[in-house]
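Engineer: with the sequence up front, the predicted model follows.
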Amino acid sequence: MPDRFLAVENASVFYGSAVRTAALQDVSLSLEKGKLTLILGPSGSGKTTLLSLLGCLLAPDEGNVFVGGRETARLSESDRTRLRRHIGFIFQAFRLFHSLSALDNVAMGREVMGRAGGRNRARELLTQLGLAAKSELKPAALSGGEKQRVAIARALIKDPAIILADEPTASLDSQAGRQISDILFRLAAEQGRTVIVVSHDQRWERFAHQIVALSDGKIAQQWSTNA
């Protein structure tokens, strides 16, 4: 592997005991540092399983995973938990607390890490993402695109070098989806963060520096772009 900042080497994940089914099979991949990588594939192709490996949410049954240059396959669960604190996660379903304002949803990400100044930093991030006027609103009063921008701010408040996004535009209309795509692209292109987006939506291709296509738990194709 040329770079082990974020990589999998001969990684396999199996489900089932009597009959083992491969969710991923002998996958080797190096994700480019400071770039946006798009992982494409139909349902069941292994996209979310691969993202779970990269996010230290899952350990491979075979092979190795490197996150931030550290080999994670043999780390204890507590060590993986500590490593996850330096990764920003963005999900299709937003996963916001409905009883909290946008500001408090974002600030909570910093407070969980035991860092002070969460509300001030949360306000800065929401302002940067165009949500200054909506910071005191609860999720029920926000559009889908606004909720996803709150979720992005919550991921960013940890100042992660790595951002993992699982179908971040799947539940959004085309305009909101383009806004989110552009935001994540700029996080890589302008801020040097390593962004991994899992999606079945090929409209993401124009925002990606690197594209990986999965099929039946294996890499079917991968290529770099001119983004």
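Structural biologist: On my side now, so go ahead.
Engineer: contacts and neighbour counts: CA atoms only from here.
Structural biologist: OK.
Engineer: now do the buried residues in the helix or strand hosting residue 126.
Structural biologist: Per DSSP states H and E, residue 126 falls inside helix 118-128. Counting neighbours by 16 or more other CA atoms under 10 Å, one finds that the buried residues in helix 118-128 are 118-119, 121-126.
Engineer: same deal with stretch 126-142?
Structural biologist: Buried-residue list, stretch 126-142, by 16+ other CA under 10 Å: 126, 129, 131, 134-135, 137-139.
Engineer: relative to residue 201, which of those is nearest.
Structural biologist: Residue 201 lies nearest to residue 129 out of the buried residues of stretch 126-142, by CA to CA, at 23.2 Å.
Engineer: which residue sits closest to the closest one, ignoring its sequence neighbours?
Structural biologist: residue 149 (6.6 Å; CA to CA, 6 or more residues apart in numbering).
Engineer: which ones are touching the one you found?
Structural biologist: Going by CA atoms under 8 Å, 6 or more residues apart in numbering, residue 149 touches 126, 129, 180.
Engineer: give me the angle between the host helix or strand of it and helix 118-128.
Structural biologist: Residue 149 is part of helix 144-156 when elements are defined by DSSP H and E. Counting by axes from the mean of the first three to the mean of the last three CA atoms, to 10 degrees, helix 144-156 lies at 130 degrees to helix 118-128.
Engineer: so how far is helix 144-156 off the chain centroid?
Structural biologist: 12 Å (CA atoms, centre = their mean, to the nearest Å).
Engineer: do you know the pLDDT at the residue nearest the centre of the chain?
Structural biologist: Centroid-nearest residue in the chain, with CA atoms, centre = their mean: residue 164, separated by 1.1 Å. At residue 164, the pLDDT value in this model is 97.
Engineer: and the helix or strand of the chain with the lowest mean pLDDT, what other elements does it pack with?
Structural biologist: Least confident helix or strand of the chain, by mean pLDDT, DSSP states H and E, is helix 102-112 with a mean of 83. Helices and strands touching helix 102-112, by 3 or more CA pairs under 8 Å, 6 or more residues apart in numbering; DSSP states H and E, are helix 118-128, helix 144-156.
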